[in-house]
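Asker: What shape does this take:
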Amino acid sequence: MFAARSSLRPAAMGAVACAVRSISSTKATAARVAVVGASGGIGQPLSMLLKLDPSIKELNLYDIVHTPGVAADLSHIPFPAKVTGYKGADSIHAALEGCDVIVVPAGVPRKPGMTRDDLFNINAGIVKTIAEASAKVAPKACYLIISNPVNSTVPIFAEVLKKAGTYNPKKLFGVTTLDVIRANTFVAENQGTDVLQTNVTVVGGHAGTTILPLLSQVKGASFTPDALAALTHRIQFGGDEVVKAKDGAGSATLSMAYAGYLFTAKLLQALKGEKDVVACAFVENTLTAAPFFAAPVTLGKEGVEKVHALGSLSAMEQEALEKALPDLLAQAKKGVEFVQNAK
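Answerer: As a prediction, the model looks like this:
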């Protein structure tokens, strides 16, 4: 079941910004983008936002159901991207072949009481299948993984690509932008500042306490100890807030679609040669003992151009980082072992 799940702004962290805002070119280029899981709660609004991006020439929508209808609907919007819908397992290769960017919100969403780990057994298999198809027909694409649990699905995707001999760490991204836009929103509310000028660096992973908002680096902000603790917790567990509010009807779909679009748009800017494009992403790096870690990344024509250091951390943030690392290591290992043990 692919229908389902799926961040950025102007700059901060000194010269480095994790939060970014989409600035689409008005000149169409040859970018070819695929959305895998395009009929789901994230996939449909994400696909609509991508249709509105004039830098995309072709937009391929793939899912196991309903995609021709979604594509037909979007095709009536007067923007340059040609939208094509692909439905069913036998059409995934056609949907992905030759794509520059493949965005993956496929999988099942969280329901009340579910953790991201609860999603693993279902979504792991879905992501593995998508990675295998991608390696075969789009080995040079950039892969943007939204499917949860990201801390494990990104290592799954990497392991499949390694087995196929096509892995390029510069082109595999876990999309953690939702954590950034939540942090910007919540901090601006707390500080009474302009949310459009609020920039919070969020590092670590994309689940619970592995999400590490670096509130000590927010310029001009001042937090009481209680506010600091409350904000950190809300940023880390903002997804639970949405799941509960939707009362069994789904998880964070609209905000995630917006976040997924923002990161995709920034990557497309960088791929066509724009400079100083920076965003947070969950990528392979050596900043910590964890093989994958979300950090500020400069994007370029080949994907990851530079992974930036975390900067100065407060004592609270350093402690949180040390506590998060065992979970990040274990969740990455779980993803790798899933692929290694698969028949």
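
Asker: So V297 lies in a strand, does it not?
Answerer: Yes: checked against DSSP: H, G, I helix; E, B strand; the rest coil, V297 lies within a strand.

Asker: pretty sure it contacts E284?
Answerer: No: at 10.7 Å, V297 does not count as touching E284 under the criterion of CB atoms under 8 Å. Every C-beta, even on glycine, is put in place using the N, C-alpha and C of the backbone.

Asker: Mind telling me what element A183 is part of?
Answerer: helix 177-191 (DSSP states H and E).

Asker: Helix, strand, or coil at K170?
Answerer: Applying three-state DSSP: K170 is helix.

Asker: Which residue comes closest to it once chain neighbours are left out?
Answerer: G303 (3.8 Å; CB to CB, 6 or more residues apart in numbering).

Asker: Next one, pLDDT for that neighbour please.
Answerer: We have a pLDDT of 98 for G303.

Asker: Also A281?
Answerer: For A281, pLDDT reads 98.

Asker: my guess is it meets T176, correct?
Answerer: Yes: judged on CB under 8 Å, A281 makes contact with T176 at a distance of 6.4 Å.

Asker: any shared contact partners between those two?
Answerer: A294 (CB atoms under 8 Å, 6 or more residues apart in numbering).

Asker: Compare V297 and E284 and say which is more crowded by neighbours.
Answerer: Taking other CB atoms under 10 Å, V297 and E284 do not tie; V297 has more neighbours (27 against 21).

Asker: Give the closest residue to that one in space, chain neighbours not counted.
Answerer: A281 (5.0 Å).

Asker: and that neighbour, what element?
Answerer: In this assignment (DSSP H and E), A281 forms part of strand 277-284.

Asker: distance of the closest residue to R234 other than its chain neighbours from A106?
Answerer: Ranked by CB to CB, 6+ apart and with sequence neighbours excluded, the top spatial neighbour of R234 is F186, at 5.5 Å. Look at F186 and A106: by CB to CB, to the nearest Å, they are 28 Å apart.

Asker: More neighbours: those two, which one.
Answerer: A106 (31 against 21).

Asker: thought that one was touching G41?
Answerer: No: in this structure, A106 is not within contact of G41 by CB under 8 Å, at 11.5 Å.

Asker: So which residues of the chain form strands?
Answerer: 31-36, 56-63, 82-87, 101-104, 142-145, 172-174, 202-204, 211-213, 277-284, 292-300, 303-307 (DSSP state E).

Asker: In contact with the residue nearest to R234, which residues are there?
Answerer: Shown in contact with F186 (CB under 8 Å, 6+ apart): L231, R234, I235, G238.

Asker: count of residues packed around V36?
Answerer: V36: 34 neighbours (other CB under 10 Å).

Asker: Just list whatever residues bridge to it.
Answerer: Beta-bridge pairing of V36 under DSSP bridges involves Y62.

Asker: Could I get the average pLDDT for stretch 36-43?
Answerer: 97.

Asker: Now do it: distance to the chain's middle.
Answerer: 14 Å (CA atoms, centre = their mean, to the nearest Å).

Asker: do the same with stretch 40-50
Answerer: 13 Å.

Asker: Pull the residues that contact that stretch.
Answerer: 2-6, 33, 35, 37-38, 56, 59, 61, 63, 70, 74, 77, 81, 83, 103, 105-106, 109, 146, 250-251, 253-254, 256-258, 260-261, 264.

Asker: Let me see the contact set for the residue lying closest to A342 once chain neighbours are set aside.
Answerer: With sequence-adjacent residues excluded and distances taken as CB to CB, 6+ apart, A342 is closest to K128, at 6.6 Å. Neighbouring residues of K128 by CB under 8 Å, 6+ apart: I156, V160, F338, V339, A342.

Asker: 7 Å - rerun?
Answerer: Residues near K128 by CB atoms under 7 Å, 6 or more residues apart in numbering: I156, V160, V339, A342.

Asker: do you know how far it is from A294?
Answerer: Distance from K128 to A294, by CB to CB: 22 Å.

Asker: And D118, by the same measure?
Answerer: On the measure of CB to CB, D118 and A294 end up 21 Å apart.

Asker: Which of these two has more residues huddled nearby?
Answerer: Using other CB under 10 Å, the more surrounded residue of D118 and A294 is A294, with 33 against 15.

Asker: The more buried one contacts A207, correct?
Answerer: No: between A294 and A207 there is no contact under CB atoms under 7 Å: 10.8 Å.

Asker: How far does stretch 325-343 sit from its chain's centre?
Answerer: On CA atoms, centre = their mean, the centre of stretch 325-343 falls 19 Å from that of its chain.

Asker: just stretch 106-124 next, same as before
Answerer: 16 Å.

Asker: Next: stretch 229-249.
Answerer: Worked out by CA atoms, centre = their mean, stretch 229-249 lies 18 Å from the chain centre.

Asker: Then stretch 166-185?
Answerer: 4 Å.

Asker: cool, and stretch 278-297?
Answerer: 13 Å.
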